[in-house]
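> sequence plus the predicted model coming up.
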Amino acid sequence: MTVTRFAPSPNGSLHLGHAYSAIVAHDLARERGGRFLLRVEDIDGERSLPEKAEEFREDLAWLGLDWEEVPAQSTRLESYEQVARDLLGRGLLYPCSCTRKQIMALKPRMGPEGAIYPGTCKGRLLDPDKPAALRLDADRAMAEVGEPFWEDEVGGTQIADPRVFGDVVLVRKDAPASYHLAATLDDAADGVTLVTRGQDLFAVTHIHRVLQELLHLPVPTWHHHPILLDDTGEKLAKRRNSPSLADRRKQGEDGKELAARLRAGELPTGITLASA
Ligand code: GLU
């Protein structure tokens, strides 16, 4: 059975791009007689706002979607800690105390998600009292799992190579998991068979796919859909003043009509749907 999910982070309001993403996940599940899940990804400490999660539920209902909600990430921290301990014990993670500023000062190479960590802390003994993140040793990971592939319903078969990101953080200084670790574990725990998300997140699948191999998790299929861009060609984002779904809802707009227009590809003036 097809199981999809919409996994928003309650750090800010949802906008049209999120609505599109939620509709894609919902409709793919419904077309295939499957299940559509909502998972609140709230491990950003003080930036995760419980009232936003409630706003998201109202937004989705307003769009005419129905869903099953699975436990929020903040209730699953122990499972992340356990897995991180396992990976650390296997020599696949190393502590890193570098700040962003220190990394940028080294003029690192840029990858799909920004700076590629130059490996400064790899093999170093760190002061145990200093806060440290844990990074995946991508070379060691690849030596263990080879180059696994993934099936993307939009892009076809892909070869996973996390080295496009360098050694990513799996355990943050301030949280027991990064997005990569938490989302990969939760998709498996929630029985997600089809991971749908925007093409702006296409590259992170390199990491998630390798984590699945390292952790012997079931392997879903992916569907990276095109994303909505504003009139400057940038991804829609609240900070660029795109109206939130909550604003539209409160202004009396009909959410089901909006959903129907998004499904038909009829986008508001200035907004385009494009591959990243
Ligand atoms: N919480 C992530 C976000 O809001 C989810 C991304 C995903 O679907 O994997 O961007």
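Great, that's in hand. Numbering: from 1, shown residues only.
> can you give me the helices in the stretch 101-250 of the chain?
Counting by DSSP state H, counting those that start in this stretch, the stretch 101-250 of the chain has these helices, from start to end: 138-145, 179-189, 204-215, 245-250.
> and the ligand, which of the ones you listed is closest to it?
helix 179-189 (4.8 Å; CB to the nearest ligand atom). Any C-beta I mention is one placed from the backbone N, CA and C, and that applies to glycine too.
> just checking that closest one against the ligand, any contact.
Yes. Applying CB under 6 Å from any ligand atom, one finds helix 179-189 in contact with the ligand at residue 183.
> report the distance from that helix to the chain centre.
Centroid displacement of helix 179-189 relative to its chain, using CA atoms, centre = their mean, to the nearest Å, is 9 Å.
> thinking again about what came up before, any chance of the helices of the stretch 101-250 of the chain in JSON lines, plus mean pLDDT and mean neighbour count?
Shown next, in JSON lines, are the helices of the stretch 101-250 of the chain (pLDDT from 0 to 100; neighbours: other CB atoms under 10 Å):
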{"stretch": "helix 138-145", "mean pLDDT": "95", "mean neighbour count": "16"}
{"stretch": "helix 179-189", "mean pLDDT": "98", "mean neighbour count": "22"}
{"stretch": "helix 204-215", "mean pLDDT": "97", "mean neighbour count": "22"}
{"stretch": "helix 245-250", "mean pLDDT": "96", "mean neighbour count": "17"}
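> residues from the stretch 151-276 of the chain in reach of the ligand?
183, 197, 201.
> what does the lengthiest helix in the chain contact?
Taking DSSP state H as the criterion, the chain has its longest helix at helix 16-31. Helix 16-31 has contacts (CB atoms under 8 Å, 6 or more residues apart in numbering) with 2-6, 8, 14, 34-36, 59-60, 63, 65-67, 194, 196-198, 223, 225, 227-228, 235-237, 242-243, 245, 258-259, 262-263, 268, 271, 273.
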